[in-house]
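Visitor: Any chance you could fold what I've pasted below:
(chains A and B)
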Amino acid sequence: MDRESTGVAGPSGPVVPRFSMAPDERELVAAVLRKDRKAAAQFVAAHIDAVYSYARHRLAPRAELVDDVVQDVFLAALNGLSGFQGESSLRAWLLGIARHKVEDVYRQRLRLPEPLEDVDSVESTSEPQSPALDQQIDAARMRDKVRRILAQMPERYALTLLWRYWEQRSTREMAGAIGTTEKAVERTLARARSWFKDLWLKE
Amino acid sequence: MSDDQWFEHLVDTMGQVAPERAPARLKSKVYSALVARMAESGPLLDLAETKKAGASLCVFENALTVVPLGTNIRSMNPCRICHARVMGERMEHAPVFWPGCPYADFHHH
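Guide: Model (predicted):
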């Protein structure tokens, strides 16, 4: 399926389609603003799958938060809908809100102090080599494997990897967002990578 | 290959996030939350207007548009007290089949 046409979130965050708001989207927005309940149902039906897919992947280690995040995205969208100018498609705009909501979760969770047992268990193992990425595994199977591994990792490490590599945030940006030093983020990231690679090799 | 490069390569190799369908239960909850939020700041659009705009109404909403109860009633949210909403928000494949009901649409389309 074509990413540009669907607006499905990609590895570097939400995909922003090149086209702006279509005329039927404009009508839908106007109807929701008039408080037309059936338009609200159409709004949800048209865009919830994209928002859900994005949130589910980015919050893999905290699946129980996905429903609340998706609901928050739509409520925030309703609040901001009157200011929506249509410079992007509605879906791109919603995915932008979703990205902020997911990053709010990262910030909240990663601000908490690191449990000592996580540090001990990683530092007692040797640093695994980077395993070869088997080109024979198709992308879907690789996504499943990554999801399984992230689900097995301590939440803090899984979220750190998702934030750094899937959302493509620099360690400086992450440190600024959670109020710590870049060095501390790099340390957490090193432990997270080590943990991930270890599980990758064991699978 | 450095660790950073390995992870970047992994993300590239994985490709895009596969689209997944949101559970019908979640669609129902989000819809209910949106309508409740819309109702907080004043009456919803009169159901007669919604119908005029081409949307189909459920049997209960239709009834509200034909009985002479006034605009206030037609701008209320009957889903709030409807069994379809309760079941739609709590189960997948909820046994709700009313034509024109958004909860039925979420669960069966």
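
Visitor: which intervals of chain A have sub-threshold pLDDT?
Guide: When residues are selected by pLDDT under 70, those of chain A lie in A:1-21, A:114-137.

Visitor: again, only using 50
Guide: Low-confidence segments of chain A, defined by pLDDT under 50: A:1-19, A:124-125.

Visitor: In it, which residue sits furthest out from the middle?
Guide: Farthest-out residue of chain A from its mean C-alpha position, per CA atoms, centre = their mean: A:Arg34, at 31.6 Å.

Visitor: residue contacts, that one?
Guide: Contact partners of A:Arg34, counting by CB atoms under 8 Å, 6 or more residues apart in numbering or on different chains, are B:Leu45. C-beta here means a position set from N, CA and C on the backbone, and glycine is covered the same way.

Visitor: can you check A:Gly179 too?
Guide: Applying CB under 8 Å, 6+ apart, the residues near A:Gly179 are A:Arg111.

Visitor: That one and chain B: what is the separation?
Guide: Between A:Gly179 and chain B the computed distance is 23 Å (CB to the nearest CB, to the nearest Å).

Visitor: So what does that residue look like in phi/psi?
Guide: phi 70, psi 50 (degrees, to the nearest 10).

Visitor: show me where chain B has helices.
Guide: Secondary structure of chain B, counting by DSSP state H: helices at B:3-14, B:24-40, B:47-52, B:59-66, B:71-74, B:83-90, B:102-108.

Visitor: For the residue nearest in space to the middle of chain A, which non-adjacent residue is closest in space?
Guide: In chain A, the C-alpha nearest the mean C-alpha coordinate belongs to A:Arg58, at 2.9 Å (CA atoms, centre = their mean). Once flanking residues are discounted, A:Arg58 sits nearest to A:Val102: 4.6 Å by CB to CB, 6 or more residues apart in numbering or on different chains.

Visitor: thought that neighbour was touching A:Ala55?
Guide: Yes: using CB atoms under 8 Å, A:Val102 is in contact with A:Ala55, at 6.2 Å.

Visitor: picking up where we left off before, which residues sit in contact with the residue nearest to the centre of chain A?
Guide: With CB under 8 Å, 6+ apart, A:Arg58 has these contacts: A:Ala9, A:Val102, A:Leu162, A:Trp166, A:Glu167.

Visitor: Which of the residues you listed sits closest to chain B?
Guide: Using CB to the nearest CB, A:Ala9 comes nearest to chain B of the contacts of A:Arg58, at 5.0 Å.

Visitor: what's around residue 77, how many residues?
Guide: You didn't pick a chain, so chain A it is. 22 (other CB atoms under 10 Å in any protein chain shown).

Visitor: Chain B, not that one
Guide: 18.

Visitor: quick one: it and B:Ala39 touch, right?
Guide: Yes: here B:Asn77 reaches B:Ala39: they are 5.4 Å apart, a contact under CB under 8 Å.

Visitor: quick one on the thing from earlier: could you identify the most distant pair in the contacts of A:Arg58?
Guide: The span of the contacts of A:Arg58, defined through CB to CB, is set by A:Ala9 and A:Leu162 at 11.9 Å.

Visitor: Between the two, tell me which one has more neighbours.
Guide: Per other CB under 10 Å, whichever of A:Ala9 and A:Leu162 has more neighbours is A:Ala9, with 27 against 22.
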